[in-house]
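Chemist: Could you look at this predicted model? Sequence included:
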Amino acid sequence: MSTDKSKTNKTNIIEISKLNKWYGDFHALKNIDLEVKEGEIIVVCGPSGSGKSTLIRCVNFLEKFQEGTVVVSGTELTDDAQKIRKIRSEVAMVFQHFNLFPHLTIVDNLTLAPIWVHNETKQEAREKALKLLDRVGIRDQAEKYPNQLSGGQQQRVAIARSLCTSPKIMLFDEPTSALDPEMISEVLDVMVELAKEGITMICVTHEMGFAKKVANRIIFMDEGQIVEENDPDKFFNNAESNRLKMFLSQILTH
Amino acid sequence: MSVYDQQATRKPPISQIGAILWLRTNLFSSWINTVLTATSLYFLYLMIPPLLDWMFFNASFSFGTINFFGFDIKFSEEMATNSNCGRVGACWPYIYEKLYMYTYGFYPRTETWRPNIVFGLTALLFVIIPLVKNYKYKNRVILSLIVIYPIVSYVLISGGFGLLPVVETHLWGGLLLTLVIASVGIIVSFPIGVVLALGRQSELRVIKLFSTLFIEFVRAVPLITILFMASFVLPLFLEPGNNSVDKLLRALIGIALFQAAYFAEVVRGGLQAIPRGQYEAADAIGLSYFQKNALIVLPQALKISIPNIVGSSISLFKDTTLVLIIGLLDMLAMVGLTTADPYWLGRETEGYVFVTIVMWVMLYSMSRYSRKLELRFNTENTN
Ligand SMILES: Nc1ncnc2c1ncn2[C@@H]1O[C@H](COP(=O)(O)OP(=O)(O)OP(=O)(O)O)[C@@H](O)[C@H]1O
Ligand SMILES: [Mg+2]
């Protein structure tokens, strides 16, 4: 991976500048500036309530923000339903609690967006869905319902679902923190595979092994701010701020 | 280390099983319970025997001819009259004699086959729905039945369109009218209710305000008031100066709007049970507002709401009896009408008991049926 870590020649696919977000009076994001290059893998970490989820949810406009600009693959996010749909069809998201649709079978979960958003035929969508399920190793579960699967399997389905529309960018919000320990690695393996394929990823996670292995950059947030940002080597070995040092000492001794 | 003998299997002690246990735990568990049980038994003793005497032992059954959905069944040559019944027990021949009125009202006797087909179709609908459970396109089949059934029924009952002779609505009556009002009320109000429920959750202020006002207004007004308004106020808007807008249509509009408000609240309950994550996932994959609701939210919300939807429908079914107030001749109104017949004066009790039994049988089967349906379709385990 070390050769991948200096993609300076690529263009920015996400540009966030001076982003401010409030929940009522609560200042949840403070002056966030962040640029992500095509194919970059960014890991975001930080204590609970620091605004990690809020930040990545601004990228696909699941959260509205009050100040600043977010530009995703050339389109600036505004309150325009058409634009938002276009962005969302290029940016996929994987949630902590999977959020699969419980009333649809696994394969129907996957084909929903291709059929309804991308106007693919049922046949096309189904073939692609089965291939993706194969890739995440659960092809044989295609006709089951989400609740008949284990947590790890459900999260792999969720990843396959988000891949179904061939997104340019993948957002992960703590994809492994609702999983039992023995299931974490099966999901991380899938994510590592994805990372190798050159898809742009922003991943909120506390799996530091994963971060060391694939991240180009790691971002540490606290109290709605980006406190420190570095490549994995320096991030873990030469932390500058005290807050990061404390955070690392907590998380690494676990 | 210890070694244990194998133990023989025994039945539980007799005081812990069967009828005795049931009686002890349910009826005589404490002295209050025992007193209540004894009191209830005493009241049953006071009520049941006279009722049975009236309904069966002292009642007259076998005079005249019964016309059952177009078939004549002759009991005896003797004409059924009020006087050969006497006044000690029930006079069931009165019901045979008036069964046509109770079923069809003043619907022309030559055209009875039309409502009969509708009754048959209704029964068929209830039989088909559970059968398509494993069919791939079950949703489509059920949906199209729900659309086709009212259209076919309407054409049959009302006639016209150059196909069948027109039977005007003031001739419809009895069970037929009850079914028409209840099913139109339910089928028309349901989509309106769903839209109102979504409207009440809408981010668009105007829509939210309108939906909320409508729902809260209607729910705070008794159905009778709405029926009176539909009957007397609606014509002022529809055809000013002309009072000829169909009386039944006016009642139906009132009932549909009334029921829509109740369905809206029922569906809203279902919507609120859907976790935020479902909305977010639907948004995140790029579904539009309409797609999100039609494909993700409503299928789950409606399924959760089925028991309450059925409950609300049953309430409406019962409430349809109020239309007699504005002069529509539903099944209950037939009691008054048929006992005003000089040959059958004073047979109200038989009429009310009969209508009560018919209503109970229909509504109780409806609720059992929906319970069965729910279990049958509840195959996928949802969260
Ligand atoms: N819908 C909301 N309304 C009000 N406050 C909110 C809302 N969502 C988040 N917040 C607040 O914003 C802050 C940032 O929340 P966010 O979910 O982004 O944190 P996080 O870093 O993802 O934390 P965690 O690790 O617990 O997921 C928190 O203090 C939270 O309480
Ligand atoms: Mg979070």
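Modeler: Cool, the structure landed. Ligands and ions are numbered 1, 2, ... in the order given.

Chemist: Every contact and neighbour count from this point should use C-alpha atoms.
Modeler: Will do.

Chemist: Check which helix or strand A:T54 maps to.
Modeler: Element membership for A:T54 (DSSP states H and E) is helix A:52-59.

Chemist: Determine the longest helix present in chain A.
Modeler: Longest helix in chain A by number of residues (criterion: DSSP state H): helix A:181-196.

Chemist: Next secondary structure element downstream of the helix holding A:T54?
Modeler: That would be, after helix A:52-59 and using DSSP H and E, strand A:67-72.

Chemist: Partner strands of the helix or strand following that following strand and their direction?
Modeler: Counting by DSSP H and E, the next helix or strand C-terminal to strand A:67-72 is strand A:75-76. Applying DSSP bridges, strand A:75-76 is found paired with strand A:67-72 (antiparallel).

Chemist: can you give me how far the partner strand is from the chain middle?
Modeler: Here the centre of mass of C-alpha atoms in strand A:67-72, compared against the chain's by C-alpha atoms, centre = their mean, to the nearest Å, lies 18 Å away.

Chemist: Show me where the chain dips below the pLDDT cut-off.
Modeler: If you meant another chain, say so; for now it's chain A. For chain A, the stretches flagged by pLDDT under 70 are A:1-9, A:254.

Chemist: ah, I was thinking of chain B
Modeler: Filtered on pLDDT under 70, chain B yields the residue ranges B:1, B:14-17, B:63-65, B:67-70, B:238-245, B:377-383.

Chemist: Tell me who's in contact with B:V355.
Modeler: B:M331, B:L332 (C-alpha atoms under 8 Å, 6 or more residues apart in numbering or on different chains).

Chemist: Take the helix holding A:T54, keep the C-alpha atoms, and write them as CSV.
Modeler: Output in CSV follows, covering the C-alpha atoms of helix A:52-59 (Å, rounded to 0.1, in the frame of the first residue of the first chain):
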residue,chain,number,x,y,z
LYS,A,52,-17.6,12.3,13.3
SER,A,53,-21.0,11.0,12.2
THR,A,54,-22.2,14.5,11.6
LEU,A,55,-19.3,15.3,9.4
ILE,A,56,-19.6,12.3,7.1
ARG,A,57,-23.4,12.7,7.0
CYS,A,58,-22.9,16.2,5.6
VAL,A,59,-21.1,14.7,2.6
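
Chemist: Okay, angle between it and strand A:67-72 too, please.
Modeler: Helix A:52-59 runs at 70 degrees relative to strand A:67-72, counting by axes from the mean of the first three to the mean of the last three C-alpha atoms, to 10 degrees.

Chemist: can you tell me if helix A:52-59 touches ligand 1.
Modeler: Yes - against ligand 1, helix A:52-59 shows contacts by C-alpha under 6 Å from any ligand atom at A:K52, A:S53, A:T54.

Chemist: right, and the second one touches A:F172 too?
Modeler: No - under the criterion of C-alpha atoms under 8 Å, A:S53 makes no contact with A:F172, lying 9.1 Å away.

Chemist: just the strands in the chain please.
Modeler: No chain in the question, so chain A it is. All strands of chain A, identified by DSSP state E, fall at A:12-23, A:26-37, A:41-45, A:67-72, A:75-76, A:91-94, A:169-173, A:200-204, A:217-222, A:225-230.

Chemist: other chain: chain B
Modeler: For chain B, the strands defined by DSSP E cover B:65-68, B:71-74.

Chemist: Spatially nearest residue to the residue in the stretch 51-200 of chain A positioned nearest to ligand 1 (excluding sequence neighbours)?
Modeler: In the stretch 51-200 of chain A, the residue that lies nearest ligand 1 is A:G51 (3.2 Å; C-alpha to the nearest ligand atom). Spatial nearest neighbour of A:G51, chain neighbours left out: A:G224 (5.0 Å); criterion: C-alpha to C-alpha, 6 or more residues apart in numbering or on different chains.
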